[in-house]
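> the following block contains a protein sequence and its predicted model.
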Amino acid sequence: TQLLEQSPQFLSIQEGENLTVYCNSSSVFSSLQWYRQEPGEGPVLLVTVVTGGEVKKLKRLTFQFGDARKDSSLHITAAQPGDTGLYLCAGGRLTGGGNKLTFGTGTQLKVEL
Amino acid sequence: NAGVTQTPKFQVLKTGQSMTLQCAQDMNHEYMSWYRQDPGMGLRLIHYSVGAGITDQGEVPNGYNVSRSTTEDFPLRLLSAAPSQTSVYFCASSYGGHRYRETQYFGPGTRLLVL
């Protein structure tokens, strides 16, 4: 089993602060996706990165795929209460059965006023 | 489009009982999958299907059966429930499952408690 470790596991910050979430593995992935999950709902895709070193920005969120495609980071600038949720990374590998995703352990973010 | 729907939302079972978790999608997606989510462990793949009539095992298939008779439906069966199967179950679908940037759409989940 290829494990994806996320850190920190929990994060509680004030509105306006910056934060970074890390997703690390000893295995190489073909792609890396980030999801956000709200209580009582399923995960929703935020972004997919596929090239080593790739950086993508989604408003105040910046995603980076490591050069060796083993790790990724999510940086949020000026966090807002609406950013609260569970953030999950997922590494993808193409197999005969399609793009198999291995999910990270999750980071629970709480942004307070 | 309703997207991916799951029923029931919540279920309590006794050890040894069987049940079927329903999943349906109305997006004509070929690829469908079942995950379970447990605290501190992310989502783990149970079974998946690349099209009607084709299913395969994921990471944690023991104790679960699936079938895919239509493109729309992908039920998950628990043969004899055990407390270790207490979890939140998510069904997901995507267009073909073969491309890196493909979006998987998740249902709202079924919360299962096995006593």
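Right, received. Where do you want to start?
> which residues sit in contact with residue A:113?
A:14, A:15, A:81 (C-beta atoms under 8 Å, 6 or more residues apart in numbering or on different chains). The way it works is simple: take the backbone N, C-alpha and C, and place the C-beta from them, glycine included.
> hmm, the last one is touching residue A:112, no?
Yes - distance between residue A:81 and residue A:112: 7.1 Å, which falls inside the contact criterion (C-beta atoms under 8 Å).
> tell me, what's touching these two both at once?
Common neighbours of residue A:81 and residue A:112 (C-beta under 8 Å, 6+ apart) are residue A:15.
> which residue, other than its chain neighbours, is closest to residue 4?
Looking at chain A here, since you left the chain open. What sits nearest to residue A:4 in space, not counting adjacent residues and going by C-beta to C-beta, 6 or more residues apart in numbering or on different chains, is residue A:104, at 3.8 Å.
> meant chain B actually
residue B:107 is the one closest to residue B:4 (C-beta to C-beta, 6+ apart), at 3.9 Å.
> what's the neighbour count on that neighbour?
24 (other C-beta atoms under 10 Å in any protein chain shown).
> mind listing what it touches?
A:42, B:3, B:4, B:5, B:6, B:23, B:90, B:91, B:92.
> repeat the analysis, applying 6 Å as the threshold.
A:42, B:4, B:6, B:91 (C-beta atoms under 6 Å, 6 or more residues apart in numbering or on different chains).
> ditto for residue A:37
Counted by C-beta under 6 Å, 6+ apart, residue A:37 has contacts A:43, A:86.
> just the pLDDT for residue 76.
In the absence of a named chain, this looks at chain A. Per-residue confidence at residue A:76 stands at 98 (pLDDT).
> hmm, no, I was thinking of chain B.
Note on residue B:76: pLDDT of 98.
> may I have the beta-bridge partners of it?
residue B:21, residue B:66 (DSSP bridges).
> swap in residue B:47?
Note on residue B:47: beta-bridge partners by DSSP bridges are residue B:34, residue B:57.
> count of neighbours near it?
23.
> ok, it - contacts?
Residue B:47 makes contact with B:34, B:55, B:57, B:58, B:61, B:66, according to C-beta under 6 Å, 6+ apart.
> also residue B:33?
Taking C-beta under 6 Å, 6+ apart, we find residue B:33 in contact with B:48, B:92.
> how much space between it and residue A:53?
Noted for residue B:33: a distance of 29 Å to residue A:53, by C-beta to C-beta, to the nearest Å.
> just residue B:86 next, same as before
Taking C-beta to C-beta, one finds residue B:86 at 41 Å from residue A:53.
> what's the pLDDT at residue A:111?
The predicted local confidence for residue A:111 is 97.
> just confirm it is within a strand.
Yes - assessed with DSSP: H, G, I helix; E, B strand; the rest coil, residue A:111 lies in a strand.
> who touches the closest residue to it other than its chain neighbours in this structure?
Excluding the flanking residues, the one nearest residue A:111 by C-beta to C-beta, 6+ apart is residue A:79, at 4.6 Å. By C-beta under 6 Å, 6+ apart, residue A:79 lies in contact with A:13, A:17, A:111.
> which residues of chain A score low on pLDDT?
A:1-2, A:97 (pLDDT under 70).
> quick one: name the residues of chain A near chain B.
A:30-31, A:41-43, A:45, A:48, A:50, A:97-99, A:103-106 (C-beta under 6 Å from any C-beta of the partner chain).
> quick one: buried ones out of these?
Among those, those classed as buried by 16 or more other C-beta atoms under 10 Å in any protein chain shown are A:31, A:42-43, A:45, A:48, A:50, A:97-99, A:103-106.
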